[in-house]
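Student: I'd like to go over a predicted model; first the sequence, then the structure.
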Amino acid sequence: MKKWLILVAAFILVLTACGPATPPPDTAPPDSLPPDSITPEVPPELAHLGVNPVETSMPIYGSTLTVSTSYPRSFDPHQRVGYGPLTQMPVFNNLITFDLAYKGISPETIIGDLAESWETSADGTEITFKLRQGVKWHDGMPFTADDVVYSLDKMTDPNRSVVYADYPAYQSAEKLDDYTVKVTLKYPSAGYMMALAGAYSLMLPKHLAGTDHQSLEFMVGTGPFIPTETVVGVHTRMKRNPEYFKKDQYGNQLPYLDALYLIDTGAGGDDLLIARRLDVRNLVVSGSSLEVFNTIRAGAPEILWQKTVKSESVGFFLNLTKSPLDDIRVRRALAMVLDEEGIIIGYSGDPSFGIPGSGFLPPSMGLSQEEVSTLMGWDKPYEQRVADAMALLSEAGYPNGFKLEILAQRASGAPTVGHPGASLVLADTLRRYLNIDVTVQALSRVELEKRIQDNNYHVYCQTAQINDDPSKLVTWFGTNAPTPWPHYSNARVDSLLENLDRVIDPDQRQQDIWEIERILLTDLPVLPTGVFPTRHMFYYPHVKNLRWQTPPYSAICRLEDVWIDPALKPANFATE
């Protein structure tokens, strides 16, 4: 049953006011990969993470790669600015990182970056890192243990970093010699090394401490590219670092590219890509709707793409301080009539852009769809679900429904996709089947933040960036959470989340994660949508060795082993 079709009339009314209606959608095809790529064999126990394709052609040196990006307000990775890693990661390195052979990440896929090796004490509270020797900062100064201690202390200091909460187990770092650092943890941590391998845990030079983090002078790293020019809101140019410390599997010096040219297009770049002014559209934001996907394919038929589903979760956060949402019977009734496939179509235009039947956590870490179906009351025919929901509303004292408002962030130039599109689907379902008088308010970010701050809302459609660390659920569902959209409190959830980073045994950790989701799907501070935003990385065939990983930002942004085949680059390209 595709109840989402009932939205067509409503969507047409909105679209007529904004321009011509979108043609009927078709289904987004699977990845389009270059013919000279293979899928390598990996250990069976890691195959579930997904495997990235590997180019079989030999790398070629030279050329400039032109990429769209969004100019960051800071070059300091420890400030977690939007789209920052796209500019920061070609310049700076991690201590450890995730193996790009895999699409997913896990502790088993952590490899060295500036760290050559490491050992963990028997009790799990000390990690001793051996550093690569001979590595230089871009200004010629040697990279040493002093830089690592400085960076680890800085990124965990609330006064100098906004990512400090990502490392709750960190206690201290100690220089044992110029190329050895010992990290002491407060307790054995399941998440410390995962966070340390992330995009915001970049190593910075101690000798430049205090440099203006918005200036080119700050951009002195050990990475594959050296910034040469940056113009605020326009572009950043980088040249090849001839003394980069890494080599490829053939013993050749990395990187292959002569230069990077990062053009500020915000989160967009479609027009420039179609006009062949870009080699690659923004590495992390691309094609999250069928309309965008089809526009790019129509304008650039030769384009290649790779698809990934992020482990971010879109949900309808219910404000439990507002009546009647403080009544579990009401929340249960709303959950029973949810149509995840319709919501996914409202969000993106096609069900392949989500995972219908899922809970709030992505399937890679969450409950099975069978258990989700039982908990949500979806294991019955839809007509019975509607009848049961109406009975719950009557029992709660709302046989004729009530008024409800859903807030969503306004989608730029597209009023019926993204969060507003998903909200319109839910609103229509609640009106049609439960007689609830629902309005959808698509507001700007500033307007939304004011409404949220004033606690002036019923339902808020938004994305929670859980990524691959379910401990971050505390951000929204912990008592006194820093982002308390649902104003939720459950002592058992608090206990599980507080202890989750200390659970080292993977089986026990998974059991605890499942218990957390069971409670959330029972208490229903949030309604799941099945939307785990799909991204498509678009690039032309002359760009070689691009890969995806599931975190929003990863080592793919470093571009250290990407190359351009000039023989495949058409003459009509206007890139540099």
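Tutor: That came in fine, so what should we check first? Numbering: from 1, shown residues only.
Student: ranges for the helices of the stretch 101-250 of the chain?
Tutor: 145-155, 192-196 (DSSP state H, counting those that start in this stretch).
Student: can you put the ones you listed in JSON lines and add distance to residue 284?
Tutor: For every residue, glycine as well, the C-beta is placed using N, CA and C. As requested, the helices of the stretch 101-250 of the chain are exported to JSON lines (distance: least, C-beta to C-beta, whole Å):
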{"stretch": "helix 145-155", "distance to residue 284": "21"}
{"stretch": "helix 192-196", "distance to residue 284": "19"}
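Student: thinking residue 49 is in contact with residue 101, fair?
Tutor: No: Residue 49 is beyond contact range of residue 101, at 9.2 Å (criterion: C-beta atoms under 8 Å).
Student: the more surrounded of the two?
Tutor: residue 49 (21 against 15; other C-beta atoms under 10 Å).
Student: which residues does that one contact?
Tutor: 102-106, 109 (C-beta atoms under 8 Å, 6 or more residues apart in numbering).
Student: ditto for residue 487
Tutor: Counting by C-beta under 8 Å, 6+ apart, residue 487 touches 319-321, 455.
Student: circling back: can you redo the helices of the stretch 101-250 of the chain as TSV with mean neighbour count and mean pLDDT?
Tutor: Formatted as TSV, the helices of the stretch 101-250 of the chain follow (neighbours: other C-beta atoms under 10 Å; pLDDT from 0 to 100):
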stretch	mean neighbour count	mean pLDDT
helix 145-155	21	98
helix 192-196	22	95
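Student: for the stretch 451-576 of the chain, what spans make up the helices?
Tutor: 474-477, 491-500, 506-523.
Student: show me what the second one is in contact with.
Tutor: Counting by C-beta under 8 Å, 6+ apart, the neighbours of helix 491-500 from elsewhere in the structure are 190-191, 470-471, 473-474, 477-479, 509, 512-513, 515-516, 519-520.
Student: enumerate the positions of it that are buried.
Tutor: Neighbour-count burial for helix 491-500, counted by 16 or more other C-beta atoms under 10 Å, picks out 493-494, 496-497, 500.
Student: name the helix or strand for residue 391, please.
Tutor: helix 382-396 (DSSP states H and E).
Student: mean confidence for the next helix or strand after that helix?
Tutor: Next helix or strand after helix 382-396 toward the C-terminus (DSSP H and E): strand 403-409. Confidence over strand 403-409 (mean pLDDT, whole number) is 96.
Student: ok, then the element right after strand 403-409?
Tutor: Going down the chain from strand 403-409, the next helix or strand is helix 418-434, by DSSP H and E.
Student: average pLDDT for that following helix?
Tutor: For helix 418-434, mean pLDDT is 96.
Student: what about the nearest residue to residue 574 once chain neighbours are set aside, how many neighbours?
Tutor: Distance criterion C-beta to C-beta, 6 or more residues apart in numbering; nearest residue to residue 574, sequence neighbours excluded, is residue 277 at 5.1 Å. Neighbours of residue 277 under the rule other C-beta under 10 Å: 17.
Student: contacting residues around residue 277?
Tutor: Counting by C-beta under 8 Å, 6+ apart, residue 277 has contacts 66, 263, 574-575.
Student: give me the pLDDT value at it.
Tutor: 94.
Student: distance of it from residue 572?
Tutor: For residue 277, the distance to residue 572 (C-beta to C-beta, to the nearest Å) stands at 11 Å.
Student: try residue 190
Tutor: Distance from residue 190 to residue 572, by C-beta to C-beta: 51 Å.
Student: neighbour count winner among these two?
Tutor: residue 190 (20 against 7).
Student: for the more buried one, what are its contacts?
Tutor: Counted by C-beta under 8 Å, 6+ apart, residue 190 has contacts 107, 500-504, 509.
Student: neighbours of the closest residue to residue 153 other than its chain neighbours, just the number please.
Tutor: Leaving aside its chain neighbours, residue 153 sits nearest to residue 173 (6.2 Å; criterion: C-beta to C-beta, 6+ apart). Counted with other C-beta under 10 Å, the burial measure for residue 173 works out to 19 neighbours.
Student: over to residue 479?
Tutor: Using other C-beta under 10 Å: residue 479 sits among 14 other residues.
Student: then residue 460?
Tutor: Number of residues near residue 460 (other C-beta under 10 Å) recorded here: 23.
Student: distance of it from residue 388?
Tutor: Applying C-beta to C-beta to residue 460 and residue 388 gives a distance of 26 Å.
Student: next: residue 30.
Tutor: Counting by C-beta to C-beta - residue 30 and residue 388 are separated by 38 Å.
Student: follow-up on the earlier one: of the contacts of residue 190, which is the nearest to residue 441?
Tutor: residue 500 (34.9 Å; C-beta to C-beta).
Student: neighbours of residue 108, just the number please.
Tutor: 12.
Student: ok, it - contacts?
Tutor: 45-46.
Student: ok, it to residue 249 distance?
Tutor: Residue 108 is 20 Å from residue 249, by C-beta to C-beta.
Student: quick one on the thing from earlier: what subset of the contacts of residue 277 is buried?
Tutor: 66, 263, 575.
Student: follow-up on the earlier one: now the buried members of the contacts of helix 491-500.
Tutor: Applying 16+ other C-beta under 10 Å to the contacts of helix 491-500 flags 190-191, 470-471, 473-474, 477-478, 509, 512-513, 516, 519-520 as buried.
Student: quick check, nearest of those to residue 94?
Tutor: Among those, and counting by C-beta to C-beta, the member closest to residue 94 is residue 191, at 15.4 Å.
Student: for the closest one, give its distance to residue 504.
Tutor: For residue 191, the distance to residue 504 equals 10 Å [C-beta to C-beta].
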